[in-house]
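**Student:** turn this into a structure:
(chains A and B)
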Amino acid sequence: DTEVTQTPKHLVMGMTNKKSLKCEQHMGHRAMYWYKQKAKKPPELMFVYSYEKLSINESVPSRFSPECPNSSLLNLHLHALQPEDSALYLCASSQEGFGSPLHFGNGTRLTVT
Amino acid sequence: GEDVEQSLFLSVREGDSSVINCTYTDSSSTYLYWYKQEPGAGLQLLTYIFSNMDMKQDQRLTVLLNKKDKHLSLRIADTQTGDSAIYFCAEIDQAGTALIFGKGTTLSVSS
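**Tutor:** Residues are numbered from 1 along each chain as shown, chains lettered A, B, ... in the order given. You can find the predicted model right below:
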């Protein structure tokens, strides 16, 4: 069982919809991450939050908007997505940034129609 | 730039040992990681090794690190069908701002 919980597990959305992915951890970790993973590829970093502040944005299109309401929660707001955005979206957390191991959730499988 | 290389496939019989190899480029990496991903699931942190260590053993898993050759390996003893998955090697980049993954090795275990 993972200690990083992501909801929903699956999401199908149209290109005009607005939806949000949620991630929660109660390990007291101060860094949280969003990754995108296409089939049979390694995960690609999208965003990093450190102490609830956005510290890294890997040139992600503005149709993806992250939010960190508190140290345990991380959201990813989605709007006007494209079919090529269909992927597995993984949340991760670590104690203190990349110097400590990342713990991943099971991901949200997103399909954009 | 930093790069992590892995072979893409490994096929073994149940009960045999599996050895998954990885080479990396950034000699300043402090930690090197192995993650396991089963179909439809997220990444599970299997084990990690600090760069000043040569070997780490954890039950059926043995990690070997050769810093001189920048080579990391994961040995799974008594491989079971439940070990079938994709295994990712990863290192921290030089700036400490990203986790660089290899392309992943698909381990197939036949009974």
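**Student:** dig out what the residue of chain B found nearest chain A forms beta bridges with.
**Tutor:** At 3.6 Å from chain A, B:Phe101 is the closest residue in chain B, using CB to the nearest CB. Glycine gets a C-beta too; all of them are placed from N, C-alpha and C. Taking DSSP bridges as the rule, B:Phe101 bridges to B:Ala90.
**Student:** ok, it touching A:Pro42?
**Tutor:** Yes. The pair B:Phe101 / A:Pro42 is scored as a contact, 3.6 Å apart, by CB atoms under 8 Å.
**Student:** quickly list what's touching both of those two.
**Tutor:** B:Phe88 (CB atoms under 8 Å, 6 or more residues apart in numbering or on different chains).
**Student:** where does the prediction get shaky in the chain?
**Tutor:** The chain I'm using is chain A. A:1-2 (pLDDT under 70).
**Student:** my bad, the chain I had in mind was chain B
**Tutor:** Low-confidence segments of chain B (pLDDT under 70): B:1-2.
**Student:** and A:Glu84, its phi and psi?
**Tutor:** In terms of degrees, to the nearest 10, the main-chain angles of A:Glu84 are phi -70, psi -10.
**Student:** once you drop chain neighbours, what's closest to it?
**Tutor:** Sequence neighbours aside, A:Val112 is the residue nearest to A:Glu84 in space, at 7.9 Å (criterion: CB to CB, 6 or more residues apart in numbering or on different chains).
**Student:** who does that neighbour form a beta bridge with?
**Tutor:** A:Met13.
**Student:** next up, the contacts around it.
**Tutor:** Taking CB under 8 Å, 6+ apart, we find A:Val112 in contact with A:12-15, A:81-86.
**Student:** could you rerun that using 7 Å?
**Tutor:** Applying CB atoms under 7 Å, 6 or more residues apart in numbering or on different chains, one finds that A:Val112 lies in contact with A:13, A:15, A:81-83, A:85-86.
**Student:** sitting in strands, which of these do you find?
**Tutor:** Taking DSSP state E, the ones among those that sit in strands are A:Met13.
**Student:** so which of the contacts of A:Val112 is the most crowded?
**Tutor:** Neighbour counts for the contacts of A:Val112, by other CB atoms under 10 Å in any protein chain shown, peak at A:Leu81, which reaches 22 neighbours.
**Student:** that one - nearest residue in space that isn't next to it in sequence?
**Tutor:** Per CB to CB, 6+ apart, closest to A:Leu81 is A:Val112, 4.6 Å.
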